[in-house]
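> Dropping a prediction and its sequence here:
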Amino acid sequence: MALKGMDIFKLLPKSNCKKCGNPTCMAFAMKVAAGGITIDKCPDISAEALAALSEASAPPMKKLAFGKDLQLGGETVLFRHDKTFVSKSLYSVSVSAADVDAKLPGIQLIDYDRIGEQMRVDVVNVEFTGDSGKFVDAAKKAQGAGRAGIILEVTDAAAAKAALDAVKADKPILNGANAGNWEAFNKLATEAGVILGVGGKNLDEIYDTVLKLEGAGNKNLVVDVTAGSIKETFANAVELRRAALKDNDRSSGYPSIVNLHKLAGGDENLQIALASLFTLKYGSIIILSTMSYATALPLYGLRQNVFTDPQKPMKMEPKIYPVNGADENSIVALTVDFALSYFVINGELERSGVPVNLVVADAGGYSVLTSWAAGKFSAGTISKFFKEAGIEGKVKSRNLLIPGKVAVLKGELEENLPGWKILVGPNEAAGVVKWLKDFKG
Ligand code: SF4
């Protein structure tokens, strides 16, 4: 929350001593409010005032570190079109003692790069099903799966303690505090230095428990908004976020857990539809029953779009991408580094079944025509990129297929890239399948 100059002024010593380089305390306060100077430049400010100011100027929603380099919360806006969201939703798969061995290998299979971001199941949720010893074993197996985070979903204090003792080095979330057990769980979580998940019958009950935990000095919390129905869970997630960001209620300003494993009854398609919904509104950690490549691809693609700054186009790394097992003698195709252009043409090249070396040129992250119009995809920039990236040393073929929309570059490219045969492809990517099949190199 932005602080007003008068709020800051009230906390200053008001001696007008000028040690901060300002003529008066009021001038200093106005400068702090405008972001021109930091509050610690007043040497006489009390520790209490400093603490009060940093509390008041903290974001309305807690930002928490979790597991291995994971981050939750810290959001400042309700809508992504206002400003980019801060912490991407994390996806988790739930395991229990009964199915941990069957599920973990599948979880580890999801591991691929998309536009520079590694897509994985971020978190393993370990569900307690009644046997403490088996719960601890499942938690250890989850720890061994090498994911970035673990959630211990348990409301039994003895089982929680045993599992925490086993895996607390990985800084799991202990998700199980409620109106009945919050004191014992608060003790367990604070002693282990881990985030505590708070649940309850409804949002009112959860809120009361959060107030009690805050009163006991614990603000290292997440709220499990999962209720008995999809509708109520959605209402909880939205209400919590709105109360934090619109009403500036700090006791609502905690990241959330949404457990679709409980809500979707194992229906994989329903889970993915709901996971997409809660990625937008407002699941910090979304727990699913299962995850496969088929369900991961659209979900992770959506997340990458939602949590990327729309002002910065998603770019591929400029380099050669061999398609269909291409070797150095395969035809070379050229495209730009705008991610969408890459994915469209790459899909069509794969569909053709013809081995092709796809060269993604540095074009500022714009599409073919936009980058051409901006002078970022010209014969000069392309030949410069070919030299800098050493393309001629990496492939032996001298057949270069360029997009039909920039056919105008053919003549100049032939001059700038001597020895290359410049081939003009179809106007639309879909036409490249037939073009390649008909091509006799
Ligand atoms: Fe006021 Fe502190 Fe600046 Fe002195 S140093 S004028 S007390 S703000």
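Okay, I see it. Residues are numbered from 1 along each chain as shown.

> Against K396, how distant is the residue nearest the centre of the chain?
The residue lying closest to the centre of the chain (CA atoms, centre = their mean) is K88, at 2.9 Å. Separation of K88 from K396 (CB to CB, to the nearest Å): 42 Å. Yep, even glycine has a C-beta here, placed from its N, CA and C like the rest.

> go on, K68?
43 Å.

> just D7 next, same as before
To K396, D7 is 69 Å away according to CB to CB.

> do N125 as well
N125 is 51 Å from K396, by CB to CB.

> Would you mark the buried spots in stretch 239-247?
Using 16 or more other CB atoms under 10 Å as the test for burial, stretch 239-247 gives L240, R241, A243, A244, L245.

> Keep only those of these that are in helices.
In this view, the buried residues of stretch 239-247 that belong to helices under DSSP state H are L240, R241, A243, A244, L245.

> now those residues as JSON lines including pLDDT?
Listed next are these as JSON lines, based on pLDDT from 0 to 100:
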{"residue": "L240", "pLDDT": "97"}
{"residue": "R241", "pLDDT": "96"}
{"residue": "A243", "pLDDT": "96"}
{"residue": "A244", "pLDDT": "95"}
{"residue": "L245", "pLDDT": "93"}
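
> Would you convert those into TSV that also reports distance to L270?
Formatted as TSV, these follow (distance: CB to CB, whole Å):
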residue	distance to L270
L240	23
R241	23
A243	28
A244	28
L245	28
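
> Does the ligand have contacts with the one helix or strand in the chain whose mean pLDDT sits lowest?
Least confident helix or strand of the chain, by mean pLDDT, DSSP states H and E, is helix 47-57 with a mean of 77. No: contact of helix 47-57 with the ligand is not found when judged by CB under 6 Å from any ligand atom; the minimum separation is 10.5 Å.

> re earlier: if you count what's nearby, which of D7 and K396 comes out ahead?
The neighbour comparison of D7 against K396 (other CB atoms under 10 Å) goes to D7, with 17 against 11.

> And for that one, nearest residue in space, chain neighbours not counted?
What sits nearest to D7 in space, not counting adjacent residues and going by CB to CB, 6 or more residues apart in numbering, is A56, at 7.0 Å.

> Next: A339.
A339's closest residue in space is M314 (CB to CB, 6+ apart), at 3.9 Å.

> burial of that neighbour, as a residue count?
With other CB under 10 Å as criterion, M314 counts 20.

> go on, A296?
The number of residues packed near A296 is 20, by other CB under 10 Å.

> Please give me every residue in contact with the closest residue to the ligand within the stretch 301-441 of the chain.
Here the stretch 301-441 of the chain gets closest to the ligand at one residue, D309, 36.3 Å apart by CB to the nearest ligand atom. D309 makes contact with T84, according to CB atoms under 8 Å, 6 or more residues apart in numbering.

> My reading is that it lies in a helix. Confirm?
No: read with DSSP: H, G, I helix; E, B strand; the rest coil, D309 is coil and lies in no helix.

> do you know how far it is from F377?
23 Å.

> one step back: can I assume the residue nearest to the centre of the chain is in contact with R303?
Yes: K88 is in contact with R303 according to CB atoms under 8 Å; the separation is 5.7 Å.

> In the stretch 201-350 of the chain, what residue comes closest to the ligand?
Taking CB to the nearest ligand atom, the stretch 201-350 of the chain has N248 as its residue nearest the ligand, at 26.4 Å.

> okay, now that residue: neighbour count?
For N248, using other CB under 10 Å, the count is 11.

> Over to I151: give its phi and psi.
Backbone torsions for I151, taken as degrees, to the nearest 10, come to phi -110, psi 130.

> in the sheet, who's paired with it?
Going by DSSP bridges, I151 is paired in beta bridges with N125, I173.

> Could you pull up the contacting residues of it?
S92, V123, V124, N125, V126, P172, I173, N175, G197, I257, I285, I287.

> repeat for L334
L358, V359, A361, I382, L400, L401, I402, P403.

> Mind checking which of the residues you listed are in helices?
Those of the contacts of L334 lying in helices (DSSP H): I382.

> Pick out the most distant pair among the contacts of L334.
Farthest apart among these by CB to CB are L358 and I382. That separation is 13.9 Å.

> residues contacting F234?
Counted by CB under 8 Å, 6+ apart, F234 has contacts L277, F278, K281.

> at 10 Å what do you get?
Neighbouring residues of F234 by CB atoms under 10 Å, 6 or more residues apart in numbering: V225, A227, V258, L263, L274, L277, F278, K281, Y282, G283.

> In contact with H261, which residues?
Neighbours of H261 in contact, by CB under 10 Å, 6+ apart: 92-96, 125, 127, 153, 226, 271, 286-290.

> Go through these and flag which are in strands.
Under the assignment DSSP state E, the contacts of H261 contribute S92, V93, S94, V95, S96, N125, E127, E153, I286, I287, L288 to strands.

> Let's have the residues you listed in CSV, adding pLDDT, distance to the ligand and neighbour count.
As requested, the ones in strands among the contacts of H261 are arranged in CSV below (pLDDT from 0 to 100; distance: CB to the nearest ligand atom, whole Å; neighbours: other CB atoms under 10 Å):
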residue, pLDDT, distance to the ligand, neighbour count
S92, 97, 48, 29
V93, 97, 53, 23
S94, 97, 53, 22
V95, 97, 56, 25
S96, 98, 58, 19
N125, 98, 50, 26
E127, 98, 54, 22
E153, 98, 50, 28
I286, 98, 47, 26
I287, 98, 49, 28
L288, 96, 53, 25
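
> re the thing from before, burial count for the residue nearest to D7?
Look at A56: counted by other CB under 10 Å, it has 13 neighbours.

> ok, it touching A33?
No: under the criterion of CB atoms under 10 Å, A56 is not in contact with A33, lying 11.7 Å apart.

> quick one: the helices in the stretch 1-150 of the chain?
Ranges of helices within the stretch 1-150 of the chain are 5-10, 25-33, 47-57, 100-109, 132-144, based on DSSP state H, counting those that start in this stretch.

> Identify whichever of these lies nearest to A373.
Nearest to A373, of these and by CB to CB, is helix 100-109 at 42.4 Å.

> could you say what helices and strands that closest one packs with?
strand 90-96, strand 117-120, strand 123-127, helix 132-144, helix 293-306 (3 or more CB pairs under 10 Å, 6 or more residues apart in numbering; DSSP states H and E).

> of the buried residues of stretch 239-247, closest to A429?
Distances from A429 to the buried residues of stretch 239-247, taken by CB to CB, are shortest for R241, at 39.5 Å.
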